[in-house]
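Q: here are the coordinates; sequence isn't available:
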DNA sequence: ACCGCCGTTGACCAAATCGGTCAACCCCCA
DNA sequence: TGGGGGTTGACCGATTTGGTCAACGGCGGT
């Protein structure tokens, strides 16, 4: 790709990236047209192909970008929180979810795009890239769990199942939400917290409530 | 639409309906081509337009069909179960989920299609149809809740939240599953049951365990 | 005032794909 | 042997596709 892309002001880069991710997130790689991406970004199609030689190149760059962005955010917030001694499962998970919602606000199409890219048949992704994402996901929950104080849970509760359940719920809510307005995102967060609170109240030992 | 469609053997009807729902479920109405539907069904495009005058007509028929199918299943199993005196929340919900998985096996693309149709912008659906689906969804959980024995729950637990949480999880699992093989569906069901069991064990009063 | 640079445009291309049509085919039953 | 109905695939004009390219406009330097 044309490195001059990075000389553009951040806003413009984001505009293009976000438009592309939203469009790619809405349908298949093949069915997503360069026209629609350009149109959404309010930019000429020529410009797109000036910075990215291919639709494919753009797509792969976006996937890489998305993974990196996720990792950065995770490192910056979760690891930092645990570094400062925060060890409560639900408290940290809530921070994680808030951060995720912030990301949705800044990159509205990112998660849909990543998920679609990952699960799409006849994927344009190399197996190596797919594995990388899977590893990142696996790794984040593992290190998260390793840093949390898990004896607060009642005996027999599988914390990993709790993470997964809340993640699934979050994904589900995100999937059924069309436009990510500020209020909508806030509503999502509130609903998430309701579930998390319910789980916390009943899965923690009484002395930790 | 051409009523002769219903003279076709059920298998053939299902073949066409399932192919169409899967294709429509994969992308927008506009971006879904009649060609791809025909191809997936192993049928000529001409035949499609022989039975349905329009892409639009096919789409609307499918939506109607999907809603009806859901209602039928719901009535047949859930209402019947409660009629025979089954009042346990999780037990009945599990039956519901099993039934849902059976539906996924028989109509692999149905839920994706319905969800996409419902949330798609510039929808081809009339507001009336959208409302109908929303009502069906709302109504099913309401009548479900009204027939279950809810004092088994500990005080302060919102059963509606439990339904929603498990539904979101189910949707999430379904969304991240590409091919609905028999084993895959079984795995989904097992995972669902793990969550449901966890919730049951900790949200029910001890005397009901 | 003039240049040259660079981000940007939109007209343009051949090729593919689109929704939809239609004459002709195949096969079964009379 | 003669339909008749389910089915096909070639075909239509219109649109859209990924990608190119000559030219524009504004700005900093001289």
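A: Yep, it's here. Everything quoted here is computed from the prediction, not taken from an experiment. Residues are numbered from 1 along each chain as shown, chains lettered A, B, ... in the order given.

Q: quick check: residues of chain A near DNA strand D?
A: Contacts of chain A with DNA strand D, taken as CB under 7 Å from any atom of the strand, map to A:32-36, A:45-46, A:49-50, A:53-56. (Glycine included, C-beta is placed from N, CA and C.)

Q: the lowest-mean-pLDDT helix or strand in chain A: which residues count as buried?
A: One helix or strand of chain A scores below all others by mean pLDDT, DSSP states H and E: helix A:80-83, with a mean of 78. Residues of helix A:80-83 classed as buried by neighbour count (16 or more other CB atoms under 10 Å in any protein chain shown): A:81, A:82.

Q: circling back to that earlier point, buried members of the residues of chain A next to DNA strand D into ChimeraX, please.
A: Command for ChimeraX that selects the buried part of the residues of chain A next to DNA strand D, burial taken from 16+ other CB under 10 Å:
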select /A:32,34,36,49,55
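
Q: save the residues of chain A next to DNA strand D as JSON lines, and put in secondary structure and pLDDT too.
A: Converted to JSON lines, the residues of chain A next to DNA strand D look like this (DSSP: H, G, I helix; E, B strand; the rest coil; pLDDT from 0 to 100):
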{"residue": "A:32", "secondary structure": "coil", "pLDDT": "97"}
{"residue": "A:33", "secondary structure": "coil", "pLDDT": "97"}
{"residue": "A:34", "secondary structure": "helix", "pLDDT": "98"}
{"residue": "A:35", "secondary structure": "helix", "pLDDT": "97"}
{"residue": "A:36", "secondary structure": "helix", "pLDDT": "97"}
{"residue": "A:45", "secondary structure": "helix", "pLDDT": "97"}
{"residue": "A:46", "secondary structure": "helix", "pLDDT": "96"}
{"residue": "A:49", "secondary structure": "helix", "pLDDT": "97"}
{"residue": "A:50", "secondary structure": "helix", "pLDDT": "97"}
{"residue": "A:53", "secondary structure": "coil", "pLDDT": "94"}
{"residue": "A:54", "secondary structure": "coil", "pLDDT": "93"}
{"residue": "A:55", "secondary structure": "helix", "pLDDT": "97"}
{"residue": "A:56", "secondary structure": "helix", "pLDDT": "97"}
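
Q: nearest to DNA strand C among the residues of chain A next to DNA strand D?
A: When the residues of chain A next to DNA strand D are compared for distance to DNA strand C (CB to the nearest atom of the strand), residue A:46 wins out at 2.1 Å.

Q: helix/strand/coil for the residue most central in space within chain A?
A: Closest residue to the average C-alpha location of chain A: residue A:111 at 4.4 Å, with CA atoms, centre = their mean. Following DSSP: H, G, I helix; E, B strand; the rest coil, we place residue A:111 in the helix state.

Q: list the contacts of it.
A: Neighbouring residues of residue A:111 by CB atoms under 8 Å, 6 or more residues apart in numbering or on different chains: A:25, A:103, A:104, A:171, A:174.

Q: 10 Å instead?
A: By CB atoms under 10 Å, 6 or more residues apart in numbering or on different chains, residue A:111 lies in contact with A:21, A:25, A:66, A:70, A:100, A:103, A:104, A:170, A:171, A:174, A:175.

Q: and the gap between it and residue B:149?
A: 38 Å (CB to CB, to the nearest Å).

Q: on that earlier part again, so which of the residues of chain A next to DNA strand D reach DNA strand C?
A: A:45, A:46, A:50.

Q: in space, what's closest to the first one - neighbours in sequence excluded?
A: Meaning residue A:45. Leaving aside its sequence neighbours, residue A:45 sits nearest to residue A:38 (CB to CB, 6 or more residues apart in numbering or on different chains; 4.3 Å).

Q: the last one too?
A: Of all residues not flanking residue A:50 in the chain, residue A:2 sits nearest, at 6.5 Å (CB to CB, 6+ apart).

Q: isn't that neighbour up against residue A:53?
A: Yes: Residue A:2 lies in contact with residue A:53 (CB atoms under 10 Å); the separation is 7.8 Å.

Q: can you verify my assumption that residue A:187 contacts residue A:173?
A: Yes: taking CB under 10 Å as the definition, residue A:187 is a contact partner of residue A:173 at 8.9 Å.

Q: the two: who's more crowded?
A: Just comparing residue A:187 and residue A:173: by other CB atoms under 10 Å in any protein chain shown the higher neighbour count belongs to residue A:173, 20 against 13.

Q: which SSE is immediately downstream of the host helix or strand of that one?
A: With elements taken from DSSP states H and E, the one containing residue A:173 is helix A:159-175. The element immediately downstream of helix A:159-175 (helix or strand, assigned by DSSP H and E) is helix A:182-203.

Q: is chain B within reach of that next one?
A: Yes: using CB under 10 Å from any CB of the partner chain, helix A:182-203 reaches chain B at A:191, A:194, A:195, A:197, A:198, A:199, A:201, A:202, A:203.

Q: surely residue A:90 touches residue A:150?
A: No: in terms of CB under 10 Å, residue A:90 does not count as a neighbour of residue A:150; the distance is 11.5 Å.

Q: what about the residue of chain A positioned farthest from its centre, distance to DNA strand C?
A: Largest separation from the mean C-alpha position in chain A: residue A:207, at 34.1 Å (CA atoms, centre = their mean). Applying CB to the nearest atom of the strand, to the nearest Å, the value for residue A:207 to DNA strand C is 59 Å.

Q: what does residue A:122 give?
A: Per CB to the nearest atom of the strand, residue A:122 is found 13 Å from DNA strand C.

Q: that residue belongs to a helix, doesn't it?
A: No: assigned with three-state DSSP, residue A:122 falls outside any helix and is coil.
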